[in-house]
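Undergrad: Have a look at this fold, sequence not included:
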């Protein structure tokens with residue numbers, strides 16, 4: 001089974017992906033990426049209570065690194081040597097998109113349902129647009145400012161569970177963790193824009209996963225040393241192993257490379273627009289698989305957020 005999966009993934013990352021992709025094929029990959037990432041909230045919720053955030057993130061990228069190394073060897077003949085500049089960029093990718101994002105991500109899922117957590121991803125495209133404007137890479141129009149305000153209003157509806165006068169009462173640790181995850185992903189996207197000018201999507205993703213896994217594994221060993229025991233429960237359950245495997249392959253290897261291709265071909269802002277689909281996928285999968293409730297505030301607020309994001313990134 002693992003050999004079959006590797007063959008399918010290798011076909012997806014054939015050498016032709018180094019060439020400019022047809023628009024339809026690229027959009028299809030970015031859309032599939034959003035759906036795969038929507039599934040990570042369900043898989044991450046399955047790990048909540050079974051593994052702590054550090055162990056979950058380390059397990060996810062331990063599997064992903066092995067797959068990426070084999071894939072890079074098969075597709076590109078191995079990893080290229082890095083210049084000092086490339087070393088700094090890939091390390092930045094690992095720190096933001098692997099280490100900090102995943103620690104915040106898994107921590108949030110221990111506090112909130114998967115569907116509610118997924119809605120916070122709608123902040124990603126707007127945050128990228130704002131940061132790119134602050135850095136002087138893009139100019140913000142009045143339409144974009146209006147879109148950001150609309151999206152923020154929708155987010156407040158979601159966070160407050162429909163009671164806008166009591167926003168602070170509904171903003172807990174889980175919501176704070178997801179804000180940290182959003183900021184981490186913005187950093188990954190912005191840094192990725194520079195990294196993709198110098199490295200292939202597969203090489204950049206592999207190096208980012210390597211640096212991130214090394215940091216996570218070191219931190220896990222350190223915590224095990226001081227606590228005197230490992231964080232994993234005895235006898236890893238089948239559902240936990242399946243969730244880790246999905247997070248590694250369906251949530252990391254395939255979508256990370258495809259997202260990097262999107263950044264390289266479209267730029268950071270336009271690639272980030274496809275993150276609008278992640279909350280929709282996460283909410284629907286949480287409802288179907290985990291039987292999580294769909295509240296009116298979630299549907300209304302999520303719709304307003306997506307409307308604001310679409311207005312911000314229109315054109």
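TA: Here it is on my side, so go on. What you see is a predicted model, and the numbers here were worked out from it, not measured in a lab.
Undergrad: Next, count neighbours for residue 183.
TA: Residue 183 has 18 neighbours, counted by other Cβ atoms under 10 Å. Bear in mind the C-beta positions are built from the backbone N, C-alpha and C, glycine included.
Undergrad: Next: residue 290.
TA: Residue 290: 14 neighbours (other Cβ under 10 Å).
Undergrad: Correct me if wrong: it contacts residue 44.
TA: No - judged on Cβ atoms under 8 Å, residue 290 makes no contact with residue 44 at a distance of 11.1 Å.
Undergrad: Quickly list what's touching both of these two.
TA: By the contact definition Cβ atoms under 8 Å, 6 or more residues apart in numbering, residue 290 and residue 44 are jointly contacted by residue 114.
Undergrad: Averaged pLDDT, stretch 114-128. What do you get?
TA: The pLDDT scores in stretch 114-128 average 76.
Undergrad: My error: substitute stretch 32-41 in the last question.
TA: For stretch 32-41, the per-residue pLDDT averages 87.
Undergrad: Where does the closest residue to residue 195 other than its chain neighbours fall, secondary structure wise?
TA: Distance criterion Cβ to Cβ, 6 or more residues apart in numbering; nearest residue to residue 195, sequence neighbours excluded, is residue 89 at 4.3 Å. Here residue 89 sits within helix 84-93, counting by DSSP states H and E.
Undergrad: what helices or strands is that helix leaning on?
TA: The contact analysis (3 or more Cβ pairs under 8 Å, 6 or more residues apart in numbering; DSSP states H and E) places helix 84-93 against helix 173-195, helix 201-227.
Undergrad: so after that helix, what's the next helix or strand?
TA: Counting by DSSP H and E, the next helix or strand C-terminal to helix 84-93 is helix 101-109.
Undergrad: And the next helix or strand past that following helix?
TA: Helix 101-109 is succeeded, C-terminally, by helix 114-119 (DSSP H and E).
Undergrad: And the contacts of that following helix?
TA: For helix 114-119, the external contacting residues (Cβ under 8 Å, 6+ apart) are 38, 41-42, 44-45, 108-109, 155, 158, 174, 178, 278-279, 281-283, 285-287, 290, 292, 294, 298, 301-302, 305.
Undergrad: Just the buried ones from those, in PyMOL syntax?
TA: Typed into PyMOL, the next command selects the buried ones out of the contacts of helix 114-119 (criterion: 16 or more other Cβ atoms under 10 Å):
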select buried, resi 38+41+42+44+45+108+109+155+158+174+178+278+279+281+282+283+285+286+287+292+298+301+302+305
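Undergrad: mind listing the helices for the stretch 1-150 of the chain?
TA: For the stretch 1-150 of the chain, the helices defined by DSSP state H, counting those that start in this stretch occupy 2-12, 23-47, 53-76, 84-93, 101-109, 114-119, 123-134, 142-159.
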